[in-house]
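Next comes the sequence, and after it the predicted model I'd like to discuss.
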Amino acid sequence: MRTGEPLPPVEDVLASLSTGLWHWDTAAGLVTVDAETARLLGLPPEPATLTQARARSLFHPVDWNENTSITQLAATEGTLGEVRLRIMDEQGGIVRTVRSRFRPMYDREERVYRVTGTLQEVSEPTPGTPAGRTAVTGDWRRSREAFLLDAGRALAEARSTAEVLRVTANLSMPGFSPDGLAVFGVEGDRLTIIGHHGQQPGDEGPFSHMSLETGYPAAEVVRSGRAVYLSSPEAYRDRYPATWPLAQPFDRQSWAFLPLTVAGRTMGAWMAGFAYPVAFTPDERSVLTTVARMLAQALSRAGLAESERELTDGLQRSMLPTLGPEIPGMTVAARYVPTGGGLQVGGDWYDMIPLPGGTSRTEAGGGRFALVIGDVQGHDVRAAGLMGQLRIALRAYASEGHRPDAVLSRASRFLNGMTYGDDPSDTRFATCLYVEADPVTGVLEVARAGHPDPATRKADGTVLARRTAGGLPLGIDPDADYPTTRIVLEPGETLMLCTDGLIETGGHDFETGWKRIRTILETHDGDLEELADALVQAVHGPSSHHTTGTLADRREDDIAVLLLSRQGESHGSGDTLTTRPPPVRRTMLSVAQAEPERVGVARQQLRELLHDWPSADQVDSAVLLLSEMLTNVLVHTDANALLLAEVRGEVGERRMRVEVTDTSDDLPHKRRPGELASSGRGLMLIELLADLWGVDPRGEGKSIWFELYESPGETSE
C-alpha cells in the first residue's frame, strides 16, 4: 500500500486474514454476519441477518450457553470476551472449531446487550492446556459447575465469619486452586484484613489499615468496583510498583483481586494468589467472579447474624445473675446457651437468691438460699423483657422471706397482671422451679409451676428423677396454688435443674431427651463445672463448620442448667463429684390418700434406684411388692403412706430394703382368699417373693417392710 492511498474497508482486511465480523443485538434478537462469518458458520458466503434462534442452532448447545455467560462476565468487568465454539451441521456433526473475540456493551436502561466481535477458525486445543479447559471439551465446564454448586452450598450454610473464611480456604477450584487467600474489609477510608489463609501469622501486618488511596490492587478494586488480574510478577511490578515490594516476599506468580459486592455496594476485596502462572482465561475469570459474589453474600449474612446474635446474647446475659458468694458445704454451677437465629431472644433464666434470717445461718454467712430456674413462653424481645421483670419480682418476693409456695403464688399473680388485657393471641406464661436450700441440713423445699422436675445424682452415680408436686405455669391463674415437696440432698449428691431446651434439643422428645441427659449424669467423672460443660456440649454439639456432611447448629431453644452439689467424702484431690460411695443408697417418697397416682411415681423411683441391680426378676418382684404395700395403705386405712427404699453393701453382696410407713394402728394380717377373690394376696406375695419381711408397730402407726439379697451369679436378661 502506498502512502496517501485510501485505507481498504475493515471487512476486506479481516477477510484477507480469514476473520469474520458479527454483531448481536439482544433487543431485536438478531445476529448480523458478514460473508466470512457466514462461510465459517456453514452458510452461503454472503452477508446475512439471522434470528437468534437460527444462530443458536448452528453452535453446540453447551458452547452457546458458555458464550452467553462469558458475554455477561465481560460486560460486568468492562473487558474483552473470548470463547471457543463448535460449529455443527444439520446432522449434529462438528464442522469446525472457531474462536470468537468480542466486546459487549450493556444498556442499563433497556437492559439489553449489544455485542460486536470477530470469528476465526482454530485448531482443536491440546488436552491439559489452558485452552483445553474451555467449553469446547465440556469436561472442565461440568467440573466447574459441580464445584460452584458445592461451594455455594457450603458458603450458604456457614453461620459465622470464621466459618465463611474456613470454607473459602478449603475450596478446591477445578484446574487452578490458589495457595493463598485474603479477604479485605473497609473501615472508613482504610482497608482491614478480615481473614487470610496460606500466609504465616503476622504476614498481614503491612496490609492492615492501608489507606484506600494506596497503589495496592485491593485498594483499587474497592475504589473502582472492578476486578484486577495480574498473570505474572512482571505485570504486578509494572502496574503497582509502590506496593510490589510487599507482595514480592510471598513468591507467587499470579494474583486475582475481585470486588466483594452486595446490593451494589463494594464491601471489600478478595485476593487469590497462585504459586504458578495463571492466564486467567474467561472461564477462570468466570469461576473467580462467581465465587467472589457468593463470598460477599455469605460474609454479609454472617456479619448480620453475628451482630444480631451479639445483641441478643448481650441482652439476655445482662439479665442473668452471678452465682454469688461461696456456700460452705455446697457448690453451685450454671450454664446458659441462648437460642440461635437472628433476633430470636429466649425467655430462659436462672437465679440464686440469698434468703434473710434462718436458724441455720453460719458465721461465714452461708445461710439459706434459693435457686430459681424458669422459661417464659416465646422467643422474642417481649419474652426477654417479661423474663427480666419476672426474675426481679421473684427475687423481691424471696427476699421478703416468703415460703416457696407463696413466692410462686405472688409471681403468678404478678405475671398475670402484667399480661392481662393484652392481645389474647399473644398471651404469655412462664414455667418455673423454685428451690429453697439449707446448706447445713441439705433439706430442699421445692415448689414447681409447670416446669420439668429436678433430678438428683447420688454419690455412686445413680440418677433419680425427683417427682415433685406442682401447679399451673405462672401467669395463667392468679389464684393458683403451688404445693411444696421436701427433698434431702445427702452428702456427695448433686441436684440438677434445667429448662426443656436441655432435654428436647436435637429432635428429641421429653422421654428420649431425658435418657440422653441421664446417661451423661451417670457416666461423667469430674467436678461440677466440667459436668455442666458436658451436659451442654452433648446436647448443643460443636458449632457449625465446613465439612463434607450436614452442618449441625442445634441452637433450637434456650438452654439453662443449674447444678447444686452437697460436698461429700472425696477420694481424689480437688472439688470433684467422684466421691467415695456411701454405704447406703436411698430414696423417700410420700403418697397421700388424695394422690393415688403417686403409686406409679414410687414404682418408677424404685426402678431408678435399682438401675444396676443384676437380677431383673428381683427388680420386678420389688416393684410388685411395693405396689401391693402402698395400695394396701390407701385402700384399707385413712392414712398417708411414706416410702423408704435403701440399698446397702458392696456390689455383689448388696441388700435391698423397702419400707412403707403409715399412721394407722391396724396391723395387716394374712388371709386365704378364694380362687375368684380380687384382693387379699398382698402378704402372701411378700412371703413368697421376699428373702425377709416383717411388720413393725411404731409409737403411732406401723411400718411393713421386705428385703431382697443380691446373688453374685445372677445377671439381668
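That came through, no problem.

Please make it C-alpha for all contacts and neighbour counts, starting now.
OK.

for the stretch 1-150 of the chain, which spans come out with low pLDDT?
1-16, 62, 124-144, 146 (pLDDT under 70).

Run through who's touching the helix or strand that residue 113 is a member of.
Residue 113 belongs to strand 112-122 when assigned by DSSP states H and E. Outside strand 112-122, the residues that touch it by CA atoms under 8 Å, 6 or more residues apart in numbering are 18-27, 37, 40, 96-107.

which helices and strands does the longest strand seen in the chain pack with?
Scanning the chain for the strand with the most residues, using DSSP state E, yields strand 94-107. Judged by 3 or more CA pairs under 8 Å, 6 or more residues apart in numbering; DSSP states H and E, strand 94-107 is in contact with helix 61-77, strand 81-88, strand 112-122.

try it again with 10 Å
With contacts defined as 3 or more CA pairs under 10 Å, 6 or more residues apart in numbering; DSSP states H and E, strand 94-107 has these neighbours: strand 19-25, helix 35-40, helix 61-77, strand 81-88, strand 112-122.

Least confident secondary structure element in this structure?
The weakest-scoring helix or strand in the chain, judged by mean pLDDT, DSSP states H and E, is helix 10-16 (a mean of 67).

need the strands for the stretch 301-450 of the chain, in chain order.
According to DSSP state E, counting those that start in this stretch, the stretch 301-450 of the chain carries its strands in the segments 330-337, 348-354, 369-376, 430-437, 443-449.

Which one of those strands lies nearest to residue 689?
For residue 689, the closest of the strands of the stretch 301-450 of the chain is strand 443-449, at 34.9 Å, according to CA to CA.

Compute the distance from the centre of that closest one to the centre of its chain.
33 Å (CA atoms, centre = their mean, to the nearest Å).

Repeat that for stretch 151-163.
13 Å.

Also stretch 392-411?
35 Å.

same deal with stretch 192-212?
30 Å.

Also stretch 212-221?
With CA atoms, centre = their mean, you get 38 Å for stretch 212-221.

what's the answer for stretch 512-532, then?
On CA atoms, centre = their mean, the centre of stretch 512-532 falls 20 Å from that of its chain.

Give me the mean pLDDT for that stretch.
Averaging pLDDT along stretch 512-532 gives 88.

How far does that stretch stretch from one end to the other?
20 Å (CA to CA, to the nearest Å).

in that stretch, what counts as buried?
513, 514, 516, 517, 518, 521, 524, 527, 528, 529, 531, 532 (16 or more other CA atoms under 10 Å).

Repeat that for stretch 87-95.
So stretch 87-95, judged by 16+ other CA under 10 Å, has buried residues 87, 88, 89, 95.

And those residues, which is closest to residue 228?
Nearest member of these to residue 228, counting by CA to CA, is residue 87, at 32.8 Å.

Specify the beta-bridge partners of that closest one.
Following DSSP bridges, residue 87 is listed with bridge partners residue 59, residue 96.

try residue 445
In beta-bridge terms (that is, DSSP bridges), residue 445 pairs with residue 436, residue 486.

I'd like to know which of the strands of the stretch 301-450 of the chain lies nearest to residue 665.
Here strand 443-449 is closest among the strands of the stretch 301-450 of the chain (CA to CA), at 29.3 Å.

Return the member of the buried residues of stretch 512-532 nearest to residue 594.
residue 514 (28.2 Å).

residue contacts, that closest one?
Residue 514 sits next to 465, 500, 502, 503, 504, 508, 520 when contact means CA atoms under 10 Å, 6 or more residues apart in numbering.

Could you double-check that the second one sits in contact with residue 557?
This means residue 500. Yes - with contact defined as CA atoms under 10 Å, residue 500 counts as touching residue 557 (8.4 Å).

longest helix in this structure, by residue count?
When the chain is parsed with DSSP state H, its longest helix is helix 282-319.

Am I right that residue 652 sits in a strand?
No - counting by DSSP: H, G, I helix; E, B strand; the rest coil, one finds residue 652 to be coil, located in no strand.

Which helix or which strand is home to residue 181?
Per DSSP H and E: strand 180-187 holds residue 181.

tell me the mean pLDDT over that strand?
On average, strand 180-187 scores 88.

so where do the helices sit in the stretch 401-550 of the chain?
404-419, 500-504, 510-523, 528-540 (DSSP state H, counting those that start in this stretch).
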